[in-house]
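Trainee: prediction below, plus the sequence it came from.
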2 protein chains.
Amino acid sequence: PTKLKSRRQRWNVRPSEMSKNTLNPIRAIVDGMKLTPNPHKSMIALSIGDPTVFGNLPTSESVLQAMKDAIDSHKYNGYAPSVGYQKSREAVANFYSQPGAPLEAKDVVLTSGCSQAIELAISALCNPGDNILVPCPGFSLYKTMAVSMGIHVKLYNLLPEKSWETDLQQLESLIDDKTTCLIMNNPSNPCGSVFTKTHLCNILSVASRHCIPILADEIYGDMVFPDCEFHSLAPLTRDVPILSCGGLAKRWLVPGWRMGWILIHDRNNVFGPEIREALVRLSQRILGACTVVQGALESILNSTPAEFYQNTISFLKSNSEICFYELSTIPGLTPVMPSGAMYLMVGIEMEHFPEFQNDVEFTERLVTEESVFCLPATAFEYPNFFRIVVTVPEEMLLEACGRIKEFCVRHYRHLSQGSNDLDQ
Amino acid sequence: PTKLKSRRQRWNVRPSEMSKNTLNPIRAIVDGMKLTPNPHKSMIALSIGDPTVFGNLPTSESVLQAMKDAIDSHKYNGYAPSVGYQKSREAVANFYSQPGAPLEAKDVVLTSGCSQAIELAISALCNPGDNILVPCPGFSLYKTMAVSMGIHVKLYNLLPEKSWETDLQQLESLIDDKTTCLIMNNPSNPCGSVFTKTHLCNILSVASRHCIPILADEIYGDMVFPDCEFHSLAPLTRDVPILSCGGLAKRWLVPGWRMGWILIHDRNNVFGPEIREALVRLSQRILGACTVVQGALESILNSTPAEFYQNTISFLKSNSEICFYELSTIPGLTPVMPSGAMYLMVGIEMEHFPEFQNDVEFTERLVTEESVFCLPATAFEYPNFFRIVVTVPEEMLLEACGRIKEFCVRHYRHLSQGSNDLDQ
Ligand SMILES: Cc1ncc(COP(=O)(O)O)c(C=O)c1O
Ligand SMILES: Cc1ncc(COP(=O)(O)O)c(C=O)c1O
């Protein structure tokens, strides 16, 4: 009878807590918006962080050829080691090795996209109850991962008035003895900002003072405009251990291929063999990247013509400048000029748009009236801004900017002296 | 000063508990073995569950062509939805739809290999502290996943004397109110067994009586010998909800491509929208399968010639029969004839091999003396057996069986009446 009692008598299958705690803020916000475009205007989406959607930024033919060669070789159909083929890891190590931050194959773990790199890095370093430091505004996946694992998130501020540099004091004030990882993202999604060497050293000082390892999300590494320089974090420190996450998605314009990596930088031997073993063990759960892409990797890294990278960059720079210039002329908007990546953040002077409660309502109405969709930065925990993806074709961007202007002009309200008087 | 106290003063980065709890028993056992082959004999590995390693079982040219077409189309480089392209999900749904178990695109989640399918299914259904029912002997990943998530594992027995059918009574006795998932694997790794319709219905009865959803690992589905029939589980029940996990790895002989899926069968609407949403949310963590493989999927499923599947099956059957026949003549070994998949389990009558403590020592010495490596079934929680992978070329298999015979003959000890006398 005890046995009978403990039996389930009817169906009651509930989703797990972890699945309920896996929250994607972008989906939560976008799905909650009423996105009904103006039927008289074609829809323009400036919201999608996928550079391939409009067809104007194809990957290099040499990248595609590398894939076909890998297929024709018949060598890349079986299981690879869970951390990737030795040769492919070597190719990544050679590509990213620098004086001051040397890499060997053993320092590279290949993953299913940069997303899995981030997942493995957080899972290796953090326990439930720990906390991690996450940039704000920042890419939402860090928080999604952490919360689903019971890890607390402390947001540190990036300052738009300082080209989105970190508020170092506030960052430092968040650290306690449960802080097990500092996540930084350079170049930044959603800001398009690129940190100077000095600023990177300042961040490293904080990490060093408090002995916090860094997860450096450098997926947009080297995607910086010509007048700017990208510095990866690792060569700038001798003591702070760094897991640098990257992948093919952005620079090679093939996000669907799910090829990412973790570069383990540990010159001070802080991680020791234990963290490396943790990453290897975690990589065995689902195995990582598609072997065909792994087989093509060496050639993708070494044989893509320099011109391809340059063309992407000049397109992104040109589009960013056009967008910045156009939006600068619009009353009530404050665009922040980016230096890299593929995004541009725009501040909304909400006091001039009293019709709208916040960035979500603002961008919602922009769809209703002008059929232009920009992601409200509430999705990045940063209200009163919206993010523009600058990978769309130039004419489309211009058309979108024109419509945004009309929209703002239509809804802009001057702060009259009169209303100020009334307040007093 | 409080602040200073809470600061970490020196580097002390520890791997997470989860990473420490991610245990791969195969690695743990194999890495602990002294595997030094006999220098006078070439190594033969009958241990590797990768059908591609010896080159004798290439995938179909049409499968490779589908990949190259997908690349040339330039359509599959961007992000797909996290559960996969609609068209690719539709193709899987059509391929696996059956009377009594219809599938639509919405019932399919594409994943990074069957491993991720298993991970998502367990993560969606189970909380820490719950328990799941896992076959013994069985594929080790179920336990690896569960333990890493704090989910308890209860092993239910498969009976070699009954062609590895489930011990239904023992299975049922394990169920309590914390049991949230029954995992079954048919055809089986490591047994090569294929369940009859009647036996499947018996398993379903247990699940139905106790209202336990089933994770059916059917990655070897349809890989059964011609004199046998494969029945997928879903059409045999009206009430038990089933997550059927599968993928391209085995039947299409491309395990490295990491293409898997979950088929959601829920005719009784027990899962409801909640479990589906849980799977979708979990799929957004790292996104799933490589888009090129997704793009090729429809053609892979629909245009692979029937001959290709038949050739694989007849090769596996022929090799299994050869292996079974050869090993049957060896004193002290009890091979169990498989009906499908690509494995064969061999019992070791340990009492006849007093030199060896267990299957691990037995297989270790087989390497030292004969340069033949078979996986000790302790890796599947099933001591005193070893597993042979029957995908190796026929001559290699024959040579290996010959060496196993010499080894056994050399070490076999008769249980003499004399020693029995002494015991009395
Ligand atoms: C900052 C950042 N990190 C990581 C990722 C994820 O990259 P992947 O598609 O390779 O998983 C993205 C994708 O948009 C990103 O913006
Ligand atoms: C029973 C079983 N399920 C799942 C898997 C994993 O398949 P995949 O390589 O697609 O992740 C395997 C691989 O050997 C297996 O034997």
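Mentor: Sure thing, it's come through. Ligands and ions are numbered 1, 2, ... in the order given.

Trainee: can you give me the strands for the stretch 151-300 of chain A?
Mentor: Under the criterion DSSP state E, counting those that start in this stretch, the stretch 151-300 of chain A contains strands at A:152-159, A:165-166, A:179-185, A:214-217, A:242-247, A:259-265.

Trainee: and the nearest residue to residue A:34 once chain neighbours are set aside, how far from residue A:373?
Mentor: Excluding its sequence neighbours, the residue lying closest to residue A:34 (C-beta to C-beta, 6 or more residues apart in numbering or on different chains) is residue A:364, at 6.0 Å. Quick note: C-beta positions are derived from backbone N, CA and C, even for glycine. For residue A:364, the distance to residue A:373 equals 9 Å [C-beta to C-beta, to the nearest Å].

Trainee: next: residue A:97.
Mentor: 41 Å.

Trainee: counting neighbours, go ahead and name the busier of the two.
Mentor: Neighbour count, other C-beta atoms under 10 Å in any protein chain shown: between residue A:97 and residue A:373, residue A:373 has more, with 22 against 14.

Trainee: export the strands of the stretch 151-300 of chain A as a markdown table, with columns for mean neighbour count, distance to ligand 2 and mean pLDDT.
Mentor: Supplementary listing: the strands of the stretch 151-300 of chain A in a markdown table, determined by neighbours: other C-beta atoms under 10 Å in any protein chain shown; distance: least, C-beta to the nearest ligand atom, whole Å; pLDDT from 0 to 100:
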| stretch | mean neighbour count | distance to ligand 2 | mean pLDDT |
| --- | --- | --- | --- |
| strand A:152-159 | 19 | 31 | 98 |
| strand A:165-166 | 22 | 40 | 98 |
| strand A:179-185 | 24 | 28 | 98 |
| strand A:214-217 | 26 | 26 | 98 |
| strand A:242-247 | 27 | 21 | 98 |
| strand A:259-265 | 26 | 17 | 98 |
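
Trainee: could you dump those to TSV with distance to residue A:43?
Mentor: Below are these laid out as TSV (distance: least, C-beta to C-beta, whole Å):
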stretch	distance to residue A:43
strand A:152-159	30
strand A:165-166	35
strand A:179-185	29
strand A:214-217	30
strand A:242-247	29
strand A:259-265	31
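
Trainee: which of these sits closest to residue B:142?
Mentor: Nearest of the strands of the stretch 151-300 of chain A to residue B:142, taken as C-beta to C-beta: strand A:259-265 at 26.1 Å.

Trainee: show me what that closest one is packed up against.
Mentor: helix A:86-96, strand A:108-112, helix A:113-125, strand A:242-247, helix A:272-283, helix A:291-303 (3 or more C-beta pairs under 8 Å, 6 or more residues apart in numbering or on different chains; DSSP states H and E).

Trainee: wait, does the shortest one contact chain B?
Mentor: Yes - taking C-beta under 8 Å from any C-beta of the partner chain as the criterion, strand A:108-112 and chain B are in contact, through residue A:112.

Trainee: can you give the contact residues for that strand?
Mentor: With C-beta atoms under 8 Å, 6 or more residues apart in numbering or on different chains as the test, strand A:108-112 has contacts from A:80, A:83-85, A:88-90, A:92-93, A:117, A:120, A:247, A:258-264, A:279-280, A:283, A:286, A:288-290, A:294, A:297, B:112, B:258, B:286-287.

Trainee: mind listing what it pairs with, with the direction of each?
Mentor: strand A:259-265 (antiparallel) (DSSP bridges).

Trainee: list the contacts for the closest residue to residue A:93 other than its chain neighbours?
Mentor: Nearest-residue entry for residue A:93: residue A:103, 4.0 Å, with adjacent residues in sequence omitted and distances by C-beta to C-beta, 6+ apart. By C-beta under 8 Å, 6+ apart, the contact list for residue A:103 reads A:92-94, A:96-97, A:263, A:265.

Trainee: possible to save the residues you listed as TSV with distance to residue B:171?
Mentor: Formatted as TSV, the contacts of residue A:103 follow (distance: C-beta to C-beta, whole Å):
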residue	distance to residue B:171
A:92	46
A:93	49
A:94	53
A:96	51
A:97	54
A:263	46
A:265	49
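
Trainee: tell me the one of the residues you listed nearest residue A:31?
Mentor: Taking the contacts of residue A:103 together and measuring to residue A:31 by C-beta to C-beta, the closest member is residue A:263, at 35.1 Å.
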